[in-house]
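Enquirer: here is my input, please return the structure:
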Amino acid sequence: MQRTRTSTPSGGDARQGERLMWLTPQRVFYAGLLGAAAERAMGGHGVYVSPAGAPPNRIRIGGGAWQSGEFIVVPPHVPHQVESACPLIFNLLIESESVDPARMPAFLQHCGPVDAPAFVQRMREVHAHLLAASARGIDFDGFDFDALFFDGPLTPRPLDARIRKVVDMLVADPAAPASAEDCAASVHLSFSRFLHLFKQETGMAFRGFRAWKRARSLLRYVHQSGTLTDIALDTGYPDSTHFSHSIRQVYGLKPSDIVAGSRRLALHDAAGGFRQ
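Expert: Okay, the predicted model is just below:
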């Protein structure tokens with residue numbers, strides 16, 4: 001998800017064996033390179049944690065002052081820039097439409113550095129557990145994401161059944177050429193009513209939701225052997241120019257840097273199995 005550094009303080013490439021990514025339809029856990037990312041804006045609730053013994057990460061939210069902390073929370077769609085002195089960073093993403101924001105753990109209902117030492121320790125322990133499983137070639141399908149990180153399921157966000165149908169369709173196939181007009185018709189709503197209800201229910205405009213899901217789907221293709229143009233088309237973009245622009249807005253990195261930084265990443269994709 002991130003690009004390689006030209007220089008690596010804190011141990012160079014010594015932590016390359018600790019890199020992995022676990023993808024599920026509603027969650028992402030990433031342990032890997034951060035690189036020199038520009039400002040980014042993710043579509044999910046984000047958490048950044050520094051590994052044990054590493055200096056705290058730094059964050060600048062919306063062009064404001066730099067802050068630092070070993071545990072940083074960023075709500076969906078908040079522009080931010082992150083820096084890490086360590087070549088390894090932990091990043092957790094929770095899809096916004098999948099959880100009730102008012103009933104998330106209190107430490108996740110913030111923006112910026114948060115004092116949550118127990119969760120920091122838990123995240124580091126889960127990383128070690130997943131790393132050991134990955135090294136043994138164990139698939140993560142038998143693991144419960146929320147149970148590992150939060151001791152149980154996060155409270156789901158209640159959605160209108162019609163909007164849920166569209167959300168499920170977009171999550172299942174982000175590359176599908178589904179327009180808002182088509183989606184409105186499929187659930188028997190007028191175009192204007194559909195757009196209003198979609199934003200009301202999910203907290204996101206339809207266009208922004210679809211753009212995020214397409215950008216997120218790139219993570220499934222970081223080990224693909226095809227060209228970036230192939231990946232662009234597979235993820236639903238009309239051409240590589242639109243692909244590059246959208247990915248840089250979301251991740252603060254060029255697609256080529258994301259793919260290059262993922263070469264030594266163990267990828268566990270709930271939809272596609274284990275790839276290394």
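
Enquirer: now do the contacts for P117.
Expert: F71 (Cβ atoms under 8 Å, 6 or more residues apart in numbering). Yep, even glycine has a C-beta here, placed from its N, CA and C like the rest.

Enquirer: how close does G261 sit to M21?
Expert: 11 Å (Cβ to Cβ, to the nearest Å).

Enquirer: same question, R124
Expert: 16 Å.

Enquirer: what about the two, which has more around it?
Expert: M21 (22 against 18; other Cβ atoms under 10 Å).

Enquirer: how close does the more buried one sit to L170?
Expert: Counting by Cβ to Cβ - M21 and L170 are separated by 21 Å.

Enquirer: for the spatially closest residue to P255 that is not a sequence neighbour, what are its contacts?
Expert: Of all residues not flanking P255 in the chain, I247 sits nearest, at 4.8 Å (Cβ to Cβ, 6 or more residues apart in numbering). Counting by Cβ under 8 Å, 6+ apart, I247 makes contact with A215, L218, L253, K254, P255, I258.

Enquirer: do the same with F145
Expert: So F145 contacts W22, T24, R27, F29 (Cβ under 8 Å, 6+ apart).

Enquirer: ditto for V222
Expert: M1, M21, I258, V259, S262, L265, L267.

Enquirer: so which of these sit within strands?
Expert: Mapping these onto strands (DSSP state E) picks out M21, L267.

Enquirer: buried residues of stretch 41-57, list them for me.
Expert: 41-51, 54, 56-57 (16 or more other Cβ atoms under 10 Å).

Enquirer: let me fix that, I meant to ask about stretch 106-123.
Expert: L108, G112, P113, V114, A116, F119, V120, R122, M123.

Enquirer: sitting in strands, which of these do you find?
Expert: Counting by DSSP E, the buried residues of stretch 106-123 contribute G112, P113 to strands.

Enquirer: okay, the buried residues of stretch 106-123 in TSV with pLDDT and distance to A175 next?
Expert: Converted to TSV, the buried residues of stretch 106-123 look like this (pLDDT from 0 to 100; distance: Cβ to Cβ, whole Å):
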residue	pLDDT	distance to A175
L108	96	30
G112	97	34
P113	98	36
V114	97	35
A116	96	36
F119	97	34
V120	97	36
R122	97	35
M123	97	31
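
Enquirer: including distance to R193, could the buried residues of stretch 106-123 go into CSV?
Expert: Below are those laid out as CSV (distance: Cβ to Cβ, whole Å):
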residue, distance to R193
L108, 32
G112, 37
P113, 41
V114, 38
A116, 41
F119, 40
V120, 44
R122, 43
M123, 41
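
Enquirer: greatest separation within the buried residues of stretch 106-123: which pair is it?
Expert: Using Cβ to Cβ, the two most remote members of the buried residues of stretch 106-123 are G112 and R122, lying 20.0 Å apart.

Enquirer: quick check, pLDDT for L219.
Expert: We have a pLDDT of 94 for L219.

Enquirer: convert the C-alpha atoms of the biggest helix by length in the chain to PDB, please.
Expert: Secondary structure of the chain per DSSP state H: the longest helix is helix 117-135. The C-alpha trace of helix 117-135 is given here as PDB (Å, rounded to 0.1, in the frame of the first residue of the first chain):
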ATOM      1  CA  PRO A 117      -1.700   1.800  25.300                       C
ATOM      2  CA  ALA A 118      -3.800  -1.300  25.700                       C
ATOM      3  CA  PHE A 119      -5.000  -1.300  22.100                       C
ATOM      4  CA  VAL A 120      -1.500  -0.400  20.800                       C
ATOM      5  CA  GLN A 121      -0.100  -3.500  22.600                       C
ATOM      6  CA  ARG A 122      -3.000  -5.600  21.300                       C
ATOM      7  CA  MET A 123      -2.300  -4.500  17.700                       C
ATOM      8  CA  ARG A 124       1.300  -5.400  18.000                       C
ATOM      9  CA  GLU A 125       0.400  -8.800  19.500                       C
ATOM     10  CA  VAL A 126      -2.000  -9.500  16.700                       C
ATOM     11  CA  HIS A 127       0.600  -8.600  14.100                       C
ATOM     12  CA  ALA A 128       3.000 -11.100  15.700                       C
ATOM     13  CA  HIS A 129       0.300 -13.800  15.700                       C
ATOM     14  CA  LEU A 130      -0.600 -13.200  12.100                       C
ATOM     15  CA  LEU A 131       3.100 -13.100  11.100                       C
ATOM     16  CA  ALA A 132       3.700 -16.500  12.700                       C
ATOM     17  CA  ALA A 133       0.600 -17.900  11.000                       C
ATOM     18  CA  SER A 134       1.700 -16.400   7.600                       C
ATOM     19  CA  ALA A 135       5.200 -17.900   8.000                       C
END
